[in-house]
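Trainee: any chance you could fold what I've pasted below:
(one chain, ligands or ions: 1)
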Amino acid sequence: MLRRHPWVFSGAIARTERTGAAGDTVRIVAQDGRALGIAAWNPDANISARIWDWDENTPIDASFFVNRLERAIRMRRELSARGPHEAERLVHAESDGLPGLIVDRYADVIVLQISSAGCHRWRETIIDSLQQLTGARAIYERSDADVLELEGLAPRTGLVKGRLDSPIVEVIENGMRLRVDVASGHKTGFYLDQRDNRLQVGQLAADREVLNCFSYTGGFTLQTLAHGAARVTSVDSSAEALRLAREHISLNEMPQDRCDWVDADVFEYLRRLRDHNRRFDLIILDPPRFAPTAASAERAARGYKDINLLAFKLLRPGGLLATFSCSGGVSADLFRKIVAGAGLDAGCTVQILKQFHAAMDHPVLLTFPEGEYLKGLLCRID
Ligand code: SAH
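Mentor: Numbers count the residues shown, from 1 in each chain. Here you go, the predicted model:
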């Protein structure tokens, strides 16, 4: 608390003055009576309170939300001024002062996800303000993340404002046309956090044979092809994601004959490639979250070690591995150690050429390390 971390765990609370309902606004006071801040209360969750503001006198009303949303949106405009057909994260929860609220813009469609009792209480205000601030054609709710359960909230999805004739929204990312399924795509429909990394990894792909593992709808596949990859194999266990990825190839007039699509479990497929002595010049590993919390970090570590070790073995000399982790429970330091262990066991000499993070529209509040969930390493072997 004193370090301005925005969560108050149930174990840290000595006394509550009265029993409030989930989403109520409460004051947080230290043992010695000093006011610490004003927060949203949730008696049903392990995180009992999420801080709205460190000044206990800040009124938590409609204008508070308008101001916070406005501030978040303005910051994006100042930094990058993304065009009307592009996609961006407008609100990144705790790190934008709105715990449990994610807002993504896909062209003129807004998708929001509410995963805290506090933001749930102010849901109507938030939706109305977003409509006013962005002038969106439609607002779609995707409050269906696994973390909702921890807050005691029921999942909620569907159109909340405007009109949407199709759930497929087309956006432009780094010059590529992408179709985002806001109703049934993963998260809010797409992985915006990897935007810059897709471009940077793509720029290294010229004349290389690429293996894109956990490809989803082909974000990395498109960028590697656009930069002249010799051949790209995309692997994912979701047939629907692969279908959309193939559609993206023709939509962007990329060469279909340089693409291979594999509907498989990456853990098994990498073994098959190893057994067949296949080799690649650039491998991308962008798995789903293995560890949402620190408690599951050990199991996750085994998963990361496994795929990274196999990937190192499949690289030709001079080959590159772009490897990512989006597990909040695995720190950047731990991830690096896991990858180092994998390199050693594979018998490779590994250089780190670059470290990756989420794009700038996913800020990390300095007092909230949990916000830094995405990390990646660009490795090269001799
Ligand atoms: N790189 C992608 C995002 C990857 S998200 C992008 O740039 O957009 C993780 C992907 O892994 C999802 O598409 C999911 O379907 C897939 N996935 C999850 N577990 C898998 C497994 N064991 N084998 C193969 N794919 C898996």
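Trainee: drop to CA atoms for contacts and neighbour counts, all remaining ones
Mentor: Fine.
Trainee: spit out the contact partners of the residue nearest to residue 318 when sequence neighbours are not counted.
Mentor: Nearest residue to residue 318 in three dimensions, chain neighbours excluded: residue 382, at 5.0 Å (Cα to Cα, 6 or more residues apart in numbering). Residues in contact with residue 382 (Cα atoms under 8 Å, 6 or more residues apart in numbering) are 317-319, 348-350.
Trainee: of those residues, select the buried ones using a ChimeraX command.
Mentor: Remark: buried members of those, expressed as a ChimeraX selection using 16 or more other Cα atoms under 10 Å:
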select :319,348,350
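Trainee: as a markdown table, the contacts of residue 382 with pLDDT and distance to residue 284 would be great.
Mentor: Below are the contacts of residue 382 laid out as a markdown table (pLDDT from 0 to 100; distance: Cα to Cα, whole Å):
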| residue | pLDDT | distance to residue 284 |
| --- | --- | --- |
| 317 | 97 | 16 |
| 318 | 97 | 15 |
| 319 | 98 | 11 |
| 348 | 96 | 17 |
| 349 | 96 | 18 |
| 350 | 97 | 16 |
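Trainee: quick one: the strands in the stretch 101-250 of the chain?
Mentor: Secondary structure of the stretch 101-250 of the chain, counting by DSSP state E, counting those that start in this stretch: strands at 101-106, 109-114, 138-143, 156-162, 168-173, 176-181, 209-213, 231-236.
Trainee: the first one: partners in the sheet, and parallel or antiparallel?
Mentor: The reference is to strand 101-106. Looking at strand 101-106 with DSSP bridges, its partner strands are strand 87-92 (antiparallel), strand 109-114 (antiparallel).
Trainee: which of the ones you listed sits closest to the ligand?
Mentor: Nearest to the ligand among the strands paired with strand 101-106 is strand 87-92 (13.0 Å), distances taken as Cα to the nearest ligand atom.
Trainee: just the buried positions in stretch 296-305, please.
Mentor: Here stretch 296-305 shows 297, 300-301, 303-305 as buried, counting by 16+ other Cα under 10 Å.
Trainee: residue 312: neighbouring residues, count only.
Mentor: The tally of other residues near residue 312 (other Cα atoms under 10 Å) stands at 29.
Trainee: now do the SS call for it.
Mentor: Look at residue 312: counting by DSSP: H, G, I helix; E, B strand; the rest coil, its state is helix.
Trainee: and the gap between it and residue 306?
Mentor: Look at residue 312 and residue 306: by Cα to Cα, to the nearest Å, they are 10 Å apart.
Trainee: common neighbours of the two, please.
Mentor: Residues touching both residue 312 and residue 306 by Cα under 8 Å, 6+ apart: residue 342.
Trainee: any chance of the buried residues of stretch 296-305 in a markdown table, with secondary structure, distance to the ligand and pLDDT too?
Mentor: Output for the buried residues of stretch 296-305, formatted as a markdown table (DSSP: H, G, I helix; E, B strand; the rest coil; distance: Cα to the nearest ligand atom, whole Å; pLDDT from 0 to 100):
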| residue | secondary structure | distance to the ligand | pLDDT |
| --- | --- | --- | --- |
| 297 | helix | 17 | 85 |
| 300 | helix | 12 | 93 |
| 301 | helix | 15 | 94 |
| 303 | helix | 10 | 96 |
| 304 | helix | 12 | 97 |
| 305 | helix | 14 | 98 |
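Trainee: max pairwise distance over those residues: which two?
Mentor: 297 and 305 (12.0 Å; Cα to Cα).
Trainee: of all the strands of the stretch 101-250 of the chain, which lies closest to the ligand?
Mentor: strand 231-236 (3.7 Å).
Trainee: can you list the strands that the closest one pairs with?
Mentor: Strand pairing for strand 231-236, using DSSP bridges, gives strand 209-213 (parallel), strand 259-263 (parallel).
Trainee: just name the most buried of these.
Mentor: Mean neighbours per residue, mean count of other Cα atoms under 10 Å, is largest over these for strand 209-213, with a mean of 26.
Trainee: is that one up against the ligand anywhere?
Mentor: No. Against the ligand, strand 209-213 shows no contacts by Cα under 6 Å from any ligand atom, the least distance being 7.0 Å.
Trainee: determine the longest strand present in this protein.
Mentor: Secondary structure of the chain per DSSP state E: the longest strand is strand 315-325.
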